[in-house]
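Enquirer: Need a 3D model of the following:
(chains A and B)
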Amino acid sequence: MKLSATSVTARYPGQSVPALDGVSMEVPSGTLYAVLGPNGSGKSTLMKAMLGTVPLVSGAIAIDGRPLGEWTRKELARKVGAVGQQEAVAFPITVRELVAMGRYPHLGPLRPVRPEDRRAIDAALERCDAIRLADREVGTLSGGEFQRVRVARALAQEPRALILDEPTASLDIRHEMEILRLLRRSADEGITVLLITHHLNLAARFADRLLLMSCGQVAAEGSAEEVLVEETLERVYGWPVSVRADPETGTPRITPKS
Amino acid sequence: MRRGVLLPGALLGLGTVVVAILAVRFGSSPFSNAQFLELLSGGGSEWDRYVLWEIRVPRMLMGILVGGGLALAGAVFQALLRNPLAEPYILGISGGAAAGAVGVLALGLASVTSWFLPAAAFGGALIAIALVFGVASSADRRLDVRVLLLSGVVVGAFFSACIALILALSDAPTMREAILWMMGSLSGASWRTVAIVAAYTLPAALLLLTLARSLNVMAIGEETASYLGTEVEQTKRVAYGVASLIAAAGVAFSGVIGFVGLVVPHTVRLLTGPDHRTLLPLSFVAGAGFLVLADLGARTLLSPTEIPIGVITAFVGVPFFLILLRRSLRA
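Expert: Numbers count the residues shown, from 1 in each chain, chains lettered A, B, ... in the order given. Predicted coordinates:
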């Protein structure tokens, strides 16, 4: 399922500078598309704009070729799973119950959970290697486990696209790699994945295409080799870097200079 | 489902039924078992029949409606605010509702058995909500629940002062009446007022039950809820409005009764888990039993003196509140 943004401008109330300033983006079906950029460059706002939770000043967003405004929230949630940056659970709840909420858009207010819902929940838990966590209280999970469970909830929606805001922030390398491999596999199976991340090297390695943002605008877009260029990165991040091909993977590897 | 729902649910229902039967048998002049059975089969003296059918039964039914309604409203506010301390009394909503009701009574716009009284109380409740949320959200664009609860308590205190003032200025000012409004009492219940409260409470409660699944999702966060397909703003408006209406309908005829909406949903959540599809109906059932029991205590503990029912719910609720507050500050 294709996601696209055309000249999108968005501004938070009370802010003079727009958070997004004429951003255009095409995420082809079944690709892993990484959005990069410094803190405050508009990555999270772009995600919220794609999901319709930030009002646009101008521009257009289309999901599967259909303008975002024509989707109801429920319709959208049946096609697009999203994992926001943070989430705190206020009441004790088990992993299975949390993942089961991914079925919400498929259920009416009163319709009971069907076997196909249970199958989707189990499949999502399985894919995120979270089956053995199913009966745990969410509050007792480690950071990495909780992120896996949140991704599982998005997969339980059985979406055609996934949008994730820094799902690997504060995870150790093993959990980080597990999530990225899961996203890569999802993309290979045809799910469009829009991944917001700070990890340039991992984006270079796993993503099909990259978008680099700076001050609410697109600084560069294309393959890892096209986007991760020393001059561009130094300009956008304001720090000298060197870019070399990683001997292990062959993809660009960015090292900040000291 | 993680915890069994059937057994705790059945026990809560059974407990409420038992409490309801005890509540009509006992009172300042309890019936003997023989008398009680005779009354139930249509016999007994005219006076005893009057006490049972015109005083105790309506009062018990009022306890069921008001207690169930307050507990249900508390469960809904807790889901919307993602905080176990939220409750109609703590949020100042009950205070606003009572001031609305007392206001129209003092102005002579409604009688104490008027169909219009809950609507006036609802108006007061909406003013209280606007004040509480206005103050809390001016502090910071992101709503801090602790600030919200603090402004709820202050707004509640303000409305208590308004009630005291209105009653002091009105024609027949009695301190008893003020205590009734500020500490609550089911003593005014009649078949007519029970019917009025039922007409407001029961449809509203059914509507809230249809929101149970949305509340499950809202309870894990508004951002996530909207990603999962909830119309967040619309759900909030409906849920806040309907829950406030339920609280207001009870307050209009029985005054401000605090902490039912805190103690009951919390206990039910411990017993059967956080799923609102069970939490909401069981909170109603348990809240009904809790308030009828509190009223039985209010009538009999210091008989013939009747303790305001809010005193009893506060004696139970305040320690509860403090424990929950300590826990949420530590987290």
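
Enquirer: mind listing what the residue of the stretch 101-250 of chain B found nearest chain A touches?
Expert: Relative to chain A, the nearest point of the stretch 101-250 of chain B is B:Gly229 (3.1 Å; Cβ to the nearest Cβ). For every residue, glycine as well, the C-beta is placed using N, CA and C. Remark: with contacts taken as Cβ atoms under 8 Å, 6 or more residues apart in numbering or on different chains, B:Gly229 is in contact with A:Arg73, A:Lys74, A:Glu75, A:Leu76, A:Ala77, A:Arg78, A:Tyr104, A:Pro105, B:Val217.

Enquirer: do the same with A:Val236
Expert: By Cβ under 8 Å, 6+ apart, the contact set of A:Val236 is A:Gly37, A:Pro38, A:Ser41, A:Leu212, A:Ser214, A:Ala219, A:Ala220.

Enquirer: For it, identify the helix or strand it belongs to.
Expert: In this structure, A:Val236 sits in helix A:230-237 according to DSSP states H and E.

Enquirer: In that helix, which of the residues would be classed as buried?
Expert: For helix A:230-237, burial by neighbour count (16 or more other Cβ atoms under 10 Å in any protein chain shown) applies to A:Thr232, A:Leu233, A:Glu234, A:Val236, A:Tyr237.

Enquirer: try stretch A:113-131
Expert: Using 16+ other Cβ under 10 Å as the test for burial, stretch A:113-131 gives A:Asp117, A:Ala120, A:Ile121, A:Ala124, A:Leu125, A:Arg127, A:Cys128, A:Ala130.

Enquirer: Alpha carbons of that stretch, in CSV - could you do that?
Expert: Extracted in CSV, the C-alpha atoms of stretch A:113-131 (Å, rounded to 0.1, in the frame of the first residue of the first chain):
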residue,chain,number,x,y,z
VAL,A,113,-13.9,-11.5,19.8
ARG,A,114,-14.0,-14.0,16.9
PRO,A,115,-11.6,-16.9,16.3
GLU,A,116,-10.0,-14.9,13.5
ASP,A,117,-9.2,-12.2,16.0
ARG,A,118,-7.6,-14.7,18.3
ARG,A,119,-5.5,-16.0,15.4
ALA,A,120,-4.4,-12.5,14.5
ILE,A,121,-3.4,-11.9,18.1
ASP,A,122,-1.4,-15.1,18.3
ALA,A,123,0.2,-14.6,15.0
ALA,A,124,1.3,-11.1,16.0
LEU,A,125,2.7,-12.3,19.3
GLU,A,126,4.5,-15.1,17.5
ARG,A,127,6.1,-12.8,15.0
CYS,A,128,7.4,-10.5,17.7
ASP,A,129,8.7,-13.4,19.7
ALA,A,130,6.3,-12.4,22.5
ILE,A,131,4.3,-15.6,23.0
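
Enquirer: ok and the residue in the stretch 1-150 of chain B nearest chain A?
Expert: B:Arg82 (3.7 Å).

Enquirer: and the closest residue to that residue other than its chain neighbours, how many neighbours does it have?
Expert: Distances taken as Cβ to Cβ, 6 or more residues apart in numbering or on different chains place A:Ala90 nearest to B:Arg82, at 3.7 Å, with adjacent residues excluded. Residues within reach of A:Ala90, counting by other Cβ atoms under 10 Å in any protein chain shown, total 19.

Enquirer: mind listing what the residue in the stretch 151-258 of chain A that chain B sits nearest to touches?
Expert: Nearest to chain B, among the residues of the stretch 151-258 of chain A, is A:Gln157, at 7.3 Å (Cβ to the nearest Cβ). Neighbour list for A:Gln157: A:Ala77, A:Arg78, A:Val80, A:Gly81, A:Gly102, A:Arg103, A:Pro105, A:His106, B:Leu228 [criterion: Cβ under 8 Å, 6+ apart].

Enquirer: what about 10 Å?
Expert: A:Gln157 makes contact with A:77-82, A:101-106, A:120, A:124, B:227-229 under the criterion Cβ atoms under 10 Å, 6 or more residues apart in numbering or on different chains.

Enquirer: before we move on, what about A:Arg205?
Expert: Counting by Cβ under 10 Å, 6+ apart, A:Arg205 has contacts A:34, A:177, A:180, A:184, A:199, A:224, A:246, A:248-253.

Enquirer: Out of these, give me the one that has the most neighbours.
Expert: A:Ala34 (27 neighbours).

Enquirer: So what does it have for phi and psi?
Expert: Reported as degrees, to the nearest 10, the phi and psi values for A:Ala34 are phi -100, psi 140.

Enquirer: What residues does it make contact with?
Expert: Contact partners of A:Ala34, counting by Cβ under 10 Å, 6+ apart, are A:43, A:183, A:193-197, A:199-200, A:202-212, A:224, A:227.

Enquirer: for A:Ile63, same thing?
Expert: A:Ile63 sits in contact with A:1-4, A:27, A:50-52, A:70-71, A:75-76, A:79-80, A:160-161, A:192, where contact means Cβ under 10 Å, 6+ apart.

Enquirer: can you do 8 Å?
Expert: A:Met1, A:Lys2, A:Leu3, A:Met50, A:Trp71, A:Leu76, A:Lys79, A:Val80, A:Ala161.

Enquirer: for it, which residues make a bridge with it?
Expert: A:Leu3, A:Arg66 (DSSP bridges).

Enquirer: pLDDT at it, what is it?
Expert: Note for A:Ile63: predicted pLDDT of 97.

Enquirer: how close does it get to chain B?
Expert: Counting by Cβ to the nearest Cβ, to the nearest Å, the separation of A:Ile63 from chain B is 13 Å.

Enquirer: how about residue 162, secondary structure?
Expert: Going with chain A. Secondary structure, DSSP: H, G, I helix; E, B strand; the rest coil: A:Leu162 is strand.

Enquirer: same thing with A:His198?
Expert: A:His198 ends up coil, using three-state DSSP.

Enquirer: Which residue is the nearest non-sequential neighbour of it?
Expert: Nearest non-adjacent residue to A:His198, counting by Cβ to Cβ, 6+ apart: A:Glu166, 6.6 Å away.

Enquirer: For that neighbour, give its distance to A:Ile179.
Expert: As defined by Cβ to Cβ, to the nearest Å, A:Glu166 lies at a distance of 11 Å from A:Ile179.

Enquirer: Just the element for the closest residue to B:Thr113 other than its chain neighbours, please.
Expert: Leaving aside its sequence neighbours, B:Thr113 sits nearest to B:Arg192 (Cβ to Cβ, 6+ apart; 5.2 Å). Assessed by DSSP H and E, B:Arg192 sits inside helix B:191-210.

Enquirer: Going by neighbour count, which residues of that helix are buried?
Expert: Here helix B:191-210 shows B:193-194, B:196-198, B:200-202, B:204-205, B:207-209 as buried, counting by 16+ other Cβ under 10 Å.

Enquirer: other SSEs contacting it?
Expert: helix B:57-81, helix B:117-139, helix B:232-254, helix B:276-300 (3 or more Cβ pairs under 8 Å, 6 or more residues apart in numbering or on different chains; DSSP states H and E).

Enquirer: can you list contacts of whatever helix or strand comes next after the second one?
Expert: Okay, so that is helix B:117-139. Using DSSP H and E, the helix or strand that follows helix B:117-139 in sequence is helix B:145-169. Helix B:145-169 has contacts (Cβ under 8 Å, 6+ apart) with B:81-83, B:85-86, B:89-96, B:98-99, B:102-103, B:106, B:124, B:128, B:131-133, B:135-136, B:139-140, B:173-174, B:177-178, B:181-182, B:256.

Enquirer: how about helix B:145-169: buried residues?
Expert: In terms of neighbour count (16+ other Cβ under 10 Å), helix B:145-169 has its buried residues at B:145, B:147-152, B:155-156, B:158-160, B:162-164, B:166-167.
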